[in-house]
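Q: Mind looking at a prediction? Sequence and model below.
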Amino acid sequence: MPRLQESRSWTILRRVPAEYFRLVKEVLSLRQKIVALRQTTHFLSRCLHHRITPNFIKNKRLDELCGLPKDSQQLRAIERQLLKTALKSKRNYMYSCLNKCIVKEKHCERFVPDRLWEEIVGESKSICDYVRSRAKTRLQEKFDRLADQQRYCRSRGVHTSNLVDTDPDGSGNMGASPKSRVTVLGDITLSNDARSLLELGPSFAPVQSITPNVSRKIVGYLQTLHERLRYRANTMRREEGAVDAARNFPALPFPSSFYKPQEADVAMDTKFQLFATSVYRVVRQHAEKRPISNLSASQKRGLKELRDCVKAGKIRLSISDKGGEFVVIPQELDKAITKLHLSDESLYCKSSEKEYKKQYRKLNRTWCSVAETAGLANTTAGGISQSSSLRYTAPSSV
């Protein structure tokens, strides 16, 4: 029988009749065990996704046991297979515990008094939330340490046992070269340093230190989020009461001329304060640490080279809509393609004052209709001023 992971469970068991003591204890222990196992499976899944080797695999010293070098592809494949097996084993054990817990809970619902069982379930949920939070925090710190160690080894050029998927399609081609994530158009020649940086992909983000400017941005974003959550809570509270039938449309998304703080909501403010405290604690913890760069020396040189080329107007960097990789194109070629596209008269033509006034009247009628239906003030619904000179390019076919 699994052990109770939280001492508060014994307080619940004091009210349970003696004949059902063992049954209720097994249910409580299984509930806590399932919560902890689920967090463990999340941790192993993240390690597998981010190609990080947990310590229980590193400590096996597979290189000495198998007689393979530390940087060999065969060793990495073995480590990846071990991690997959461990993840599958944890999931199977969690599902078996879940089935046992469901059966025992049905027996408790049958024999234990209804009011007592409802109290046990409510307090058990609170205990499971605490166990989940504690396990999640512990495993998150463990994952961060492993990720920091891996980035440190990469920045020093030292091998760390990364779980590289050497055979993604199961065809057995372990030595197949991965697909390039950089497309170069024109006569631009990139150095190996620049290519190695772009091969990381658009989703890669270099590690940056938490400066006072970053801290101020975090505080500002949290305040904005707090106001939005208050607005949502107040809106939901108003919808539960009387509904304003005079306004058929919601308020239009235009900024007001002054800032109006939202009314406080006790339940939402309490939850947000706990969330903000956790965010500030994490920011303060990482602000005191010296950031470890996740770029090698060659990749840093490549980053400087690309910045200089973009600043000098030699190349244009973009991301492909189809493949999601970086696309490098010379500025001259990019301008030539754009001019050729704009010269297509089937898509673009020169506008006139008559066409501009026609589109202005159409937009003004639509605006006045929507503003009148929404019940806006006359000063706001008075129409759009034609004095704002906008460059308008009308298509040849509307």
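A: Sure, I can see it. Residues are numbered from 1 along each chain as shown.

Q: what about the residue of the chain positioned farthest from its centre, distance to Tyr360?
A: Largest separation from the mean C-alpha position in the chain: Lys354, at 49.2 Å (CA atoms, centre = their mean). Using CB to CB, to the nearest Å, Lys354 is found at 11 Å from Tyr360. In this view, the C-beta of every residue, glycine as well, is placed from N, C-alpha and C.

Q: what's the answer for Arg316, then?
A: Here Arg316 is placed at a distance of 35 Å from Tyr360 (CB to CB).

Q: quick one: the lowest-mean-pLDDT helix or strand in the chain to chain centroid distance?
A: Here the helix or strand of the chain ranked lowest by mean pLDDT, DSSP states H and E is helix 62-66, holding a mean of 73. Centroid separation for helix 62-66 versus its chain: 37 Å, with CA atoms, centre = their mean, to the nearest Å.

Q: check which helix or strand covers Arg316.
A: Here Arg316 sits within strand 315-319, counting by DSSP states H and E.

Q: Show residues contacting that strand.
A: Residues outside strand 315-319 that contact it (CB atoms under 8 Å, 6 or more residues apart in numbering) are 188, 202, 306, 309-310, 325-331, 334.

Q: For these, give me TSV that also has distance to Leu68, secondary structure and neighbour count.
A: Shown next, in TSV, are those (distance: CB to CB, whole Å; DSSP: H, G, I helix; E, B strand; the rest coil; neighbours: other CB atoms under 10 Å):
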residue	distance to Leu68	secondary structure	neighbour count
Ile188	41	coil	16
Pro202	35	coil	14
Leu306	37	helix	20
Cys309	42	helix	19
Val310	43	helix	14
Glu325	33	coil	16
Phe326	35	strand	22
Val327	39	strand	16
Val328	38	strand	21
Ile329	44	strand	17
Pro330	46	strand	18
Gln331	49	helix	16
Asp334	48	helix	15
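
Q: Out of the residues you listed, flag the one nearest to Phe43.
A: For the contacts of strand 315-319, the minimum distance to Phe43 (CB to CB) is 27.0 Å, reached by Pro202.

Q: Longest helix of this structure, counting residues only.
A: Assignment by DSSP state H gives helix 114-155 as the longest helix of the chain.

Q: Report the distance from that one to the chain centre.
A: Centroid separation between helix 114-155 and its chain, computed with CA atoms, centre = their mean, is 18 Å.
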